[in-house]
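> Using only what follows, build the 3D model:
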Amino acid sequence: MSQNNPYAPATVTSPGIVPFRQVKVRPIELLKRSFELIREQYWLFLGITVVGMIVGSAVPFALILGPMLVGIYLCYLARERGEQVEFSLLFKGFDQFKESFIACLMVLAVSMVVIIPMMIAMFALVLAPTIAAAQQNAAGGGGAPPAFPVAFLVMYPVMLLANIVIAIPFVFTFQLIAERKLGGVDAVKLSFQAVLKNLAGVVWYMIVVMAISLVLTMMCYVPGILFFPISFGSIFLLYRDVFPNTANLS
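Here you go, the predicted structure:
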């Protein structure tokens, strides 16, 4: 069910590991292809992605989030081969528990490097002035309250940008572990190399999908949940475009 990349890409070979290529990324087309890929088993993939993320997020320190992500992509790989996917395949991700856990630890490390300075900046620019103004008002000083909503609106896009920065090195990591059985560190390195070759397209894809997800989630959450399997499928297909099957390489 996979299809060759339609964008006439240039092929790049990663040093000694897996070949990848530079592509033109069209987010809406990826979403359409994703729906076509899973349409016959949409409800099953909805259950797979929702359960995978709930179970993966339920255990602290991302202990089993990595295996759940690997399991989700194993399901898309099976669907790509034209197989009828079974729910139990989700838990085959635990076969690569060690490597996926290592990759998750690297995600957490990058998150801490990015998020902690942002939290400090948020406190300094938004919360501290608000607290000071509240104390001044309580003491009868009559100081004008800070423009908290404006400050929050400024910080919110920065937080979205931070999420993109955190995700960038790991866009293809768990797909590589699922399909190529790479070690956690090697998968992160190779994912980052491939993203750098497609940086503008990957960032544009992430902005579009995050915006769609945000809008759908604001519609009482249910549409956002229904979007889960399509968004996962689109990033899997982006992976397939960048990392084609060896037989498809010319």
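
> I'd like the distance between residue 163 and residue 203.
Separation of residue 163 from residue 203 (Cβ to Cβ, to the nearest Å): 12 Å. For the C-beta atoms, the positions are set from N, CA and C on the backbone; glycine is no exception.

> Surely residue 82 is in a strand?
No - for residue 82, which was evaluated using DSSP: H, G, I helix; E, B strand; the rest coil, the result is coil, with no strand membership.

> top helix in this structure by residue count?
The helix of greatest length in the chain, counted in residues with DSSP state H as the criterion, is given as helix 97-122.

> Tell me the buried residues in that one?
The neighbour-count criterion (16 or more other Cβ atoms under 10 Å) identifies 99, 100, 101, 102, 103, 104, 106, 107, 110, 111, 115, 122 as the buried residues of helix 97-122.

> Residue 163 and residue 203: which has the busier surroundings?
Set residue 163 next to residue 203 and count neighbours by other Cβ atoms under 10 Å: residue 203 wins out with 18 against 15.

> pLDDT score for the closest residue to that one other than its chain neighbours?
The shortest distance from residue 203 to any residue that is not its chain neighbour, by Cβ to Cβ, 6 or more residues apart in numbering, is 6.4 Å, and that residue is residue 164. The score at residue 164 is 82. That number is its pLDDT.

> swap in residue 98?
As predicted, residue 98 sits at a pLDDT of 93.

> what's the neighbour count on the nearest residue to it once chain neighbours are set aside?
Setting aside the residues directly before and after it, residue 98 is nearest to residue 184 in space (Cβ to Cβ, 6+ apart), at 7.5 Å. Under the neighbour criterion other Cβ under 10 Å, residue 184 is assigned a count of 22.

> which residues sit in contact with residue 184?
Contacts here follow Cβ atoms under 8 Å, 6 or more residues apart in numbering; on that basis residue 184 touches 66, 98, 99, 100, 101, 102, 103, 105, 106, 173, 177.

> so how far is residue 109 from it?
On the measure of Cβ to Cβ, residue 184 and residue 109 end up 12 Å apart.

> swap in residue 64?
18 Å.

> cool, residue 60 as well?
Using Cβ to Cβ, we find residue 60 at a distance of 16 Å from residue 109.

> Take the buried residues of helix 97-122 and write them to TSV, including distance to residue 29.
Formatted as TSV, the entries for the buried residues of helix 97-122 read as follows, by distance: Cβ to Cβ, whole Å:
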residue	distance to residue 29
99	31
100	29
101	34
102	33
103	28
104	30
106	30
107	28
110	29
111	30
115	32
122	37
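
> Mind checking what helix or strand follows the lowest-mean-pLDDT helix or strand in the chain in sequence?
The least trusted helix or strand in the chain, going by mean pLDDT, DSSP states H and E, turns out to be strand 10-13, with a mean of 54. Reading on from strand 10-13 to the C-terminus, the next helix or strand found by DSSP states H and E is strand 19-22.
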